[in-house]
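Visitor: Any chance you could fold what I've pasted below:
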Amino acid sequence: MARGEHAPSCARQWRDRAEAETWSTWHLVQTIHQCCRVSLLKAHRLARGWTARVAIDELADLCEHEHLDPPHASIDLLNAWENGRARPRADTLDRLARLYKANPVRLGLAADYSEGHEPDGGVTIPAARTPRPVTRPSDVPILIPSAMHTPTTDGDDQGVRRRALFHDVLAGTGGTANGRLLAEVEELRRAMDRTLASGTVTEDQMDRLDETVLECRRDYLTTAPLPMLCRLMLEFSDVQHLASHRQSGPIQCRLARVAAALALLSADALMKLGDIRQARAWYATAKTAADDTGDPQLRALVRAQEAMLSYYYGDLAETVHLAREAQALGRAVPGSPTALAAAAEARALARLGDSAGASAALAQTQRLFAKIKTRSAGALAFDFTEQRFYLYMSGAYAHLPDLQHAERVHESALALYPAGRPGIDPALIRLDQATGLARGNREKEACELATQTLLDLPADQRTSIVFVRARDVRSAVPIDRRRDKALKTLDEALSLESISLPAMTRGRNDA
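Guide: Just a heads-up that it's a prediction; the model follows:
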């Protein structure tokens, strides 16, 4: 069980007992601090039965009542203070002391160096039985990068075996069962969720980690999903090791950013491979890590990327919801994440048949794309480049009424990719083009284009995400044309989806 995981429920039981036995507030705070395994600052809040939102509101009311400047506080900041990832400013510390009627020592935000007795040290615990903690399923992933959590790391032998497995797959030695490989991927994610919390990491180490993330983002565009996934798992092993020790607030924030980026790349690779359950879990890990940084742009990026999963495999309404949430988070500083989110909303609305909404979202995408001021020197995953802009426009126009304009968009999108270098993104554009042909009563051409697109892809690029779009082409063919020879040939090409994961480790191509 994660440290402090069930603190609210545990604290509620102690409050009930304290009320019955007329304990002092400080006695209750001490008890919750030790028994619920939370910081003293959080124990003060739990002793009063407040949620984080209520505490922030109470703090604001106190400042207004006592004619103090508005507090520099928010729910995210309060959680960071309570979990040891940051310290409140001196004026905010004063306001917290007023709110909880305690000095900084009793808030756990200062040390007591006085000699003699220690009035604020030592916790007196009542002799009665400790309330039983609430249980929860052990397989629910938790990622809370906080110094208040006790990390759990893999045993050395298990870590060595896991790294050997990923190296074997990268080397193409074969003989690895899909189940074992994906089980190790999942276990490493869970271990990361448990241990992304503490560690003594230098600024130089963090600089190297940041460089590693940039390298992964760059290579992701030219590496097949499965070998890239194994490489990401190896990087995660290193991050997990560093995260298993206590960290300072700034380092912890940077580590959370690294974890978010690596988790996001892993989720995208798993999505392309068609492992929806694990992709969704890794997106959740990326979201938690990004939320822990408090960076609205990173939080928006994670949600915009996650919208792709529901777009290809799930509920289009969920895609729209995530895209709009991402735009709301990044609205203050429009950039690549918000432009990506607007584009994701546009193509989802187009597939839902909302032509007016899709057109409005595309116009918003164009406005946001024009505002992107800083662009990477080279192509990097997550950047909303011109290529990606046209990829999303291609997906939208494949389902909009103006088929002639859609054809021009498809051709413009394909022109941005090197000729003769097949990859997943250009394949998706060609399949959008084929969908448009089928909608324009050109079924034979549509099936031939979709078939050729699948056959042109190397085996390691024929992933589930491509076959999802290819089946869209098939679905667009009218029922009375289902016996055409071209359609039968497409059905034969669709059977290539049965390729096993180990067979997908060969070669490097555009992704």
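Visitor: Can you pull up the most central residue in this protein?
Guide: Geometric centre of the chain, nearest residue: residue 286, 2.5 Å, by CA atoms, centre = their mean.
Visitor: Is it in contact with residue 270, as I believe?
Guide: No. At 11.5 Å, residue 286 does not count as touching residue 270 under the criterion of CB atoms under 8 Å. For the C-beta atoms, the positions are set from N, CA and C on the backbone; glycine is no exception.
Visitor: mind listing what the residue nearest to the centre of the chain touches?
Guide: With contacts defined as CB atoms under 8 Å, 6 or more residues apart in numbering, residue 286 is in contact with 259, 260, 261, 263, 264, 267, 302, 305, 306.
Visitor: can you tell me how far it sits from residue 339?
Guide: 19 Å (CB to CB, to the nearest Å).
Visitor: and stretch 288-305, how far from the chain's centre?
Guide: The chain centre lies 7 Å from the centre of stretch 288-305; the measure is CA atoms, centre = their mean, to the nearest Å.
Visitor: got the contact list for it?
Guide: Under CB under 8 Å, 6+ apart, the answer for stretch 288-305 is 76-77, 80, 85, 143-146, 193, 196, 253, 256-257, 259-260, 263-264, 267-268, 283, 286-287, 322-323, 325-327, 329-330, 332-333, 335-338, 340-341, 344, 382.
Visitor: Could I have the PyMOL command that selects the buried members from those residues?
Guide: Listed next is the PyMOL selection for buried residues among the contacts of stretch 288-305, using 16 or more other CB atoms under 10 Å:
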select buried, resi 77+80+85+143+144+145+146+193+196+253+256+257+259+260+263+264+267+268+283+286+287+322+323+325+326+327+329+330+335+336+337+338+340+341+344+382
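Visitor: I'd like to know which of the contacts of stretch 288-305 are part of helices.
Guide: Per DSSP state H, helices hold the following members of those: 76-77, 80, 193, 253, 256-257, 259-260, 263-264, 267-268, 283, 286-287, 322-323, 325-327, 329, 336-338, 340-341, 344.
Visitor: In the one helix or strand residue 360 maps to, which residues are buried?
Guide: Applying DSSP states H and E as the criterion places residue 360 in helix 355-371. With burial defined by 16+ other CB under 10 Å, the residues of helix 355-371 counted as buried are 357, 358, 359, 361, 362, 364, 365, 368, 369.
Visitor: can I get the residues you listed in CSV with pLDDT and distance to residue 107?
Guide: Shown next, in CSV, are the buried residues of helix 355-371 (pLDDT from 0 to 100; distance: CB to CB, whole Å):
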residue, pLDDT, distance to residue 107
357, 95, 50
358, 94, 52
359, 94, 54
361, 95, 47
362, 94, 51
364, 94, 45
365, 94, 47
368, 92, 43
369, 91, 47
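Visitor: ok, which pair from those is furthest apart?
Guide: Maximum pairwise distance in these, criterion CB to CB, is 18.4 Å, between 357 and 369.
Visitor: What residue spans form the domains of the protein?
Guide: Here the domain parsing of the chain from automatic domain parsing is 7-100, 153-292, 295-385, 417-511.
Visitor: weakest of those domains by average pLDDT?
Guide: Mean pLDDT is lowest for domain 417-511 among the domains of the chain, at a mean of 78.
Visitor: For residue 110, see how far away the spatially closest residue to residue 456 that is not a sequence neighbour is.
Guide: Residue nearest to residue 456 in three dimensions, not counting chain neighbours: residue 422, with 4.9 Å by CB to CB, 6 or more residues apart in numbering. Counting by CB to CB, the separation of residue 422 from residue 110 is 62 Å.
Visitor: Neighbour count for the two, which is higher?
Guide: residue 422 (17 against 14; other CB atoms under 10 Å).
Visitor: Give me the phi and psi for that one.
Guide: phi -60, psi 140 (degrees, to the nearest 10).
Visitor: Please look at it and residue 455 and confirm they touch.
Guide: No. Look at residue 422 against residue 455 with CB under 8 Å: they stay out of range, at 9.7 Å.
Visitor: where do the helices sit along the stretch 101-250 of the chain?
Guide: Taking DSSP state H, counting those that start in this stretch as the criterion, the stretch 101-250 of the chain contains helices spanning 156-171, 178-195, 203-220, 225-242, 249-273.
Visitor: Pick the most deeply packed of these.
Guide: helix 249-273 (a mean of 24; mean count of other CB atoms under 10 Å).
Visitor: relative to helix 225-242, how tilted is that helix?
Guide: Using axes from the mean of the first three to the mean of the last three CA atoms, to 10 degrees, the direction of helix 249-273 lies 160 degrees away from that of helix 225-242.
Visitor: Quick one: list the elements packing against helix 249-273.
Guide: helix 178-195, helix 203-220, helix 225-242, helix 276-293, helix 296-313, helix 464-476 (3 or more CB pairs under 8 Å, 6 or more residues apart in numbering; DSSP states H and E).
Visitor: So the nearest residue to residue 64 once chain neighbours are set aside: helix, strand or coil?
Guide: Nearest residue to residue 64, sequence neighbours excluded (CB to CB, 6+ apart): residue 70, at 8.0 Å. Under DSSP: H, G, I helix; E, B strand; the rest coil, residue 70 falls in the coil class.
Visitor: Tell me, how many residues neighbour residue 70?
Guide: Neighbours around residue 70, by other CB under 10 Å: 10.
Visitor: Next: residue 34.
Guide: Count around residue 34 with other CB under 10 Å applied: 16.
Visitor: Tell me the buried residues in whichever strand or helix holds it?
Guide: Assigned by DSSP H and E, residue 34 belongs to helix 25-35. Applying a neighbour-count criterion of 16+ other CB under 10 Å, the buried positions in helix 25-35 are 26, 27, 28, 29, 30, 31, 32, 33, 34, 35.
Visitor: Equivalent analysis for stretch 86-103, please.
Guide: 86, 88, 92, 93, 95, 96, 97, 99, 100, 102.
Visitor: Tell me which two of the residues you listed sit farthest apart.
Guide: 86 and 102 (19.3 Å).
Visitor: mind pulling up the phi and psi values for residue 423?
Guide: phi -160, psi 170.
Visitor: Next one: it relative to residue 466, how far apart?
Guide: Relative to residue 466, and taking CB to CB, residue 423 is found at 10 Å.
Visitor: Name the residue in those two with the higher neighbour count.
Guide: Per other CB under 10 Å, whichever of residue 423 and residue 466 has more neighbours is residue 466, with 23 against 18.
Visitor: what does the helix or strand residue 96 falls within rub up against?
Guide: In the assignment (DSSP H and E), residue 96 maps to helix 90-100. Outside helix 90-100, the residues that touch it by CB under 8 Å, 6+ apart are 41, 44-45, 55, 58-59, 62-63, 66, 68-69, 71-73, 87-88, 103-104, 106-107, 109.
Visitor: ok so, going back, go through the buried residues of stretch 86-103 and say which is closest to residue 352.
Guide: residue 86 (41.9 Å).
Visitor: for the closest one, what are its contacts?
Guide: Contacts of residue 86 (CB under 8 Å, 6+ apart): 77, 80, 249.
Visitor: Hmm, the last one is touching residue 83, no?
Guide: What it means is residue 249. No. Judged on CB under 8 Å, residue 249 makes no contact with residue 83 at a distance of 9.8 Å.
Visitor: how far away is residue 237 from residue 189?
Guide: 11 Å.
Visitor: Tell me which of the helices and strands packed on helix 249-273 sits nearest to residue 162.
Guide: helix 178-195 (5.3 Å).
Visitor: and the closest one with helix 225-242, angle?
Guide: 30 degrees.
Visitor: Please consider this matter closed, and thank you.
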